[in-house]
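Q: Quick one: sequence plus predicted model below, questions after.
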Amino acid sequence: METTLQPELHQHLQDAKARIDAATAAEELRAVERDYIDKGGVVAGLLAAITTLPPEQRRDAGQGANILKGAVLKALGDRKAELEAMAIDAARSGHGFDPSLPGTSIRRGSLHPVTRVTRELEDIFSSMGYDILDGPEVEIDVYNFERLNIPGDHPARDMHDTFWCEVNGAERDSNMGLLLRTHTSCVQVRTMERLQPPFRVVVPGRVFRQETVDASHEHTFHQMEGLVVGEGLTVGHLIGTMKTFLREVFQKEIEVRLRPGYFPFVEPGFELDARCPFCATPGAGCRVCKQTGWVELCPCGMVHPAVLQMSGIDTEKYTGFAFGLGLSRLVMLRYEIDDIRHLMGGDTRFLSQF
Ligand code: FA5
């Protein structure tokens, strides 16, 4: 394999192999993996440099980097297996056991980026007096749609490509319309049923839609619902809440704008955009905001009086606002992840970077 490599890559491979062959412990192999394979390592550097090459050299350079990566990974795997076999032999024969040597350290896992951001947001909202609630992922039609002002024939249902559940062959009409929840808004209804106003809650969770998957759409993704009901609440409180929360997340003042948005369970409804926190000059545009200067952050609005009434809340006395943060998209924004499929893909090379 290495004979096809350019001299520079060949040298990298020789250096890596020398370290791998000399390694006597898993930590040393992990260090080689970090230096060559992980984000910021030699292979990533070679791939990043490809854009600076003349077009006719790029294909070979890309192939070379991938061959180097494959060869280093193989050598790492082989040496790991060798070390493990040596350790087993030593243990069996009773030789080579030195009680004064430090033990083999256990490789620690890390928190998934969605879990990290969820916990961070939970802390922020808790400090603002919110309760953190949960709800079932398998829902019934009434909570996911009906009581959110989306009756059976409502066109808004088409926007949610729903996974309907069949139970023992029983179809929708006879199993209460069992479904995988398409949004966390169903927990709004469950909350209004259980709690007396005033209250403020956030509900992080997994939701499901029968979507065509691409770099920004998943069939399984995360949202965080917010619901506040109390006396005298207005759009001003909604905007103030979102600005406070953004200031905490990005540790700086973030400008927001509201565009009209339609959701049957809020009136008025909005799409809230934030000034892109990554542009070098605010509003100038960058890769993250696709040169627009704004990032779409979350739909929101004042809870529709019909929704409050269906849950038995006195609309003469109380108003409320709600928001539905696209948590997966916020995670992508936070860590500059360019493809949502990494989040649920289960690739440990991606996950070990967090
Ligand atoms: C809703 O789901 C509403 N329940 C949100 C809401 C709550 C509005 C409260 C008003 C009041 P929407 O379908 O736009 O709205 O989804 C909300 C967010 O989820 C989107 O802004 C986006 O960030 C994220 N999202 C939607 N579909 C996907 C998908 N397929 N993959 C990843 N994220 C998605």
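A: Noted; the coordinates are in hand. Numbers count the residues shown, from 1 in each chain.
Q: Ramachandran angles for the residue in the stretch 251-354 of the chain that the ligand sits nearest to?
A: Residue of the stretch 251-354 of the chain nearest the ligand, by CB to the nearest ligand atom: residue 326 (1.8 Å). In short, each C-beta sits where N, CA and C put it, glycine included. Backbone torsions of residue 326, given as degrees, to the nearest 10, read phi -80, psi 90.
Q: I'd guessed it sits against residue 223; true?
A: Yes. Between residue 326 and residue 223 a contact is recorded at 6.2 Å, counting by CB atoms under 8 Å.
Q: And these two? Which one has more around it.
A: Per other CB atoms under 10 Å, whichever of residue 326 and residue 223 has more neighbours is residue 223, with 24 against 20.
Q: In contact with that one, which residues?
A: Going by CB atoms under 8 Å, 6 or more residues apart in numbering, residue 223 touches 183-184, 204-205, 207, 324-328.
Q: could I get these as TSV with distance to residue 167 and secondary structure?
A: Shown next, in TSV, are these (distance: CB to CB, whole Å; DSSP: H, G, I helix; E, B strand; the rest coil):
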residue	distance to residue 167	secondary structure
183	22	coil
184	23	coil
204	27	strand
205	22	strand
207	20	strand
324	28	strand
325	31	strand
326	30	strand
327	29	helix
328	29	helix
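Q: I figured residue 298 hits residue 321, correct?
A: No. Using CB under 8 Å, residue 298 makes no contact with residue 321, being 11.7 Å away.
Q: What parts of this structure come near the ligand?
A: Counting by CB under 6 Å from any ligand atom, the positions of the chain adjacent to the ligand are 183, 185, 209, 211, 217-218, 221, 223, 225, 263, 266, 269, 298-301, 322-324, 326, 328-329, 340.
Q: Show me which of the residues you listed are buried.
A: Burial by neighbour count, 16 or more other CB atoms under 10 Å: within those this picks out 183, 185, 209, 218, 221, 223, 225, 263, 266, 269, 298-301, 322-324, 326, 328-329, 340.
Q: I'd like to know which of these are part of helices.
A: Judged by DSSP state H, these include 328-329 as members of helices.
Q: what's the host helix or strand of residue 59 packed up against?
A: Per DSSP states H and E, residue 59 falls inside helix 55-93. Contact here means 3 or more CB pairs under 8 Å, 6 or more residues apart in numbering; DSSP states H and E; on that basis helix 55-93 packs against helix 7-22, helix 26-36, helix 42-49.
Q: Report the mean per-residue pLDDT for the last one.
A: Going back to what we said before, that points to helix 42-49. Helix 42-49 carries an average pLDDT of 92.
Q: Could you export that helix as PDB, keeping only the C-alpha atoms?
A: The C-alpha trace of helix 42-49 is given here as PDB (Å, rounded to 0.1, in the frame of the first residue of the first chain):
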ATOM      1  CA  VAL A  42      -2.200  14.900  10.300                       C
ATOM      2  CA  VAL A  43      -4.800  13.300   7.900                       C
ATOM      3  CA  ALA A  44      -7.300  16.200   8.600                       C
ATOM      4  CA  GLY A  45      -4.500  18.700   7.800                       C
ATOM      5  CA  LEU A  46      -3.700  16.900   4.500                       C
ATOM      6  CA  LEU A  47      -7.300  16.900   3.500                       C
ATOM      7  CA  ALA A  48      -7.800  20.600   4.400                       C
ATOM      8  CA  ALA A  49      -4.700  21.500   2.400                       C
END
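Q: Tell me which residues are up against it.
A: Counting by CB under 8 Å, 6+ apart, 9, 12, 16, 35-38, 61-62, 64-65, 68-69, 72 sit against helix 42-49.
Q: Residue 206 against residue 219, yeah?
A: No. Counting by CB under 8 Å, residue 206 does not reach residue 219; the two are 10.8 Å apart.
Q: which residues touch the closest residue to residue 311 other than its chain neighbours?
A: Counting by CB to CB, 6 or more residues apart in numbering, residue 192 is the residue found nearest to residue 311 once chain neighbours are left out, at 3.6 Å. Residue 192 is in contact with 227, 229, 307-308, 311-313, counting by CB under 8 Å, 6+ apart.
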